[in-house]
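>>> how would this look folded up:
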Amino acid sequence: MRRKDRERSKDFAISVLDKCEWSVISMVDKDGLPYCVPISTVRENNEIYFHTAKVGFKIDCLNSNPNVCISCVGNTNLLPEEFSTEYESAIIRGKAFEITEDSEKIHALKLLCEKYAPKNMENFTGAIERSLARTGIWKIKIESITGKAKERKPQ
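Next comes the predicted model:
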């Protein structure tokens with residue numbers, strides 16, 4: 001990291017990952033070209049889960065090369081008078097694997113729903129019954145994670 005003064009701890013980076021509303025996953029297609037797309041994520045231990053369609057360009061990319069990079073942004077604060085921004089971010093590198101076993105898919109979906117729809121968990125079982133067969137779940141094993149932040153300088 002070039003700006004060592006903005007580098008933060010692994011715990012800080014994990015907290016950004018855990019609280020961010022969405023992340024951007026970057027991957028490489030079969031022709032070696034970059035591709036990125038926003039995803040909703042949830043972490044458990046050293047693994048990140050996300051849901052997706054079972055087919056599409058993202059799936060083609062992941063199947064051809066499982067190496068991914070995820071960018072997460074936590075709190076931000078625009079400072080227009082300073083031509084700057086306060087921010088916190090995390091960058092994660094890892095390998096993506098499709099989850100095919102129903103019990104692990106349901107577990108991952110429950111984690112995702114507890115994060116993004118906690119007040120609707122009473123409808124979780126019905127949603128699983130309707131959509132599990134058509135929902136793809138991927139797991140990313142975290143290989144590295146770094147955190148960075150810029151805070152306003154005291155006046």
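>>> For this structure, which segments are assigned as helices?
Under the criterion DSSP state H, the chain contains helices at 10-19, 57-64, 102-116, 124-131.
>>> mind checking how far the last one is from the chain centre?
Computed by Cα atoms, centre = their mean, to the nearest Å, the separation of helix 124-131 from the middle of its chain amounts to 23 Å.
>>> same thing with the third one?
Averaging C-alpha positions (Cα atoms, centre = their mean) puts helix 102-116 14 Å from its chain's average.
>>> Residues in contact with that helix: which ones?
40, 42, 44, 49-51, 99, 120-121, 124, 127-128, 132, 135, 137, 139 (Cβ atoms under 8 Å, 6 or more residues apart in numbering). Where you see a C-beta, it was placed from the backbone N, CA and C, and this is true even at glycine.
>>> now with 6 Å?
42, 49, 99, 124, 128, 137 (Cβ atoms under 6 Å, 6 or more residues apart in numbering).
>>> go on, stretch 35-53?
17-18, 22-27, 29, 58, 61, 108, 111-112, 115, 135-142.
>>> Any of those residues buried? List them.
Buried by 16 or more other Cβ atoms under 10 Å: 17, 23, 25-27, 58, 61, 108, 112, 115, 135-140, 142, out of those.
>>> how many neighbours does the closest residue to F12 other than its chain neighbours have?
Leaving aside its chain neighbours, F12 sits nearest to G147 (4.2 Å; criterion: Cβ to Cβ, 6 or more residues apart in numbering). Number of residues near G147 (other Cβ atoms under 10 Å) recorded here: 23.
>>> Any idea what G147 is bridged to?
R8, A90 (DSSP bridges).
>>> so where's the protein shaky on pLDDT?
1-7, 152-155 (pLDDT under 70).
>>> If we use 90, what do you get?
Across the chain, the ranges flagged by pLDDT under 90 are 1-9, 12, 75-79, 81-87, 148-155.
>>> Need the helices of the chain in TSV (columns: distance to N77).
TSV is the format used below for the helices of the chain (distance: least, Cβ to Cβ, whole Å):
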stretch	distance to N77
helix 10-19	15
helix 57-64	31
helix 102-116	23
helix 124-131	35
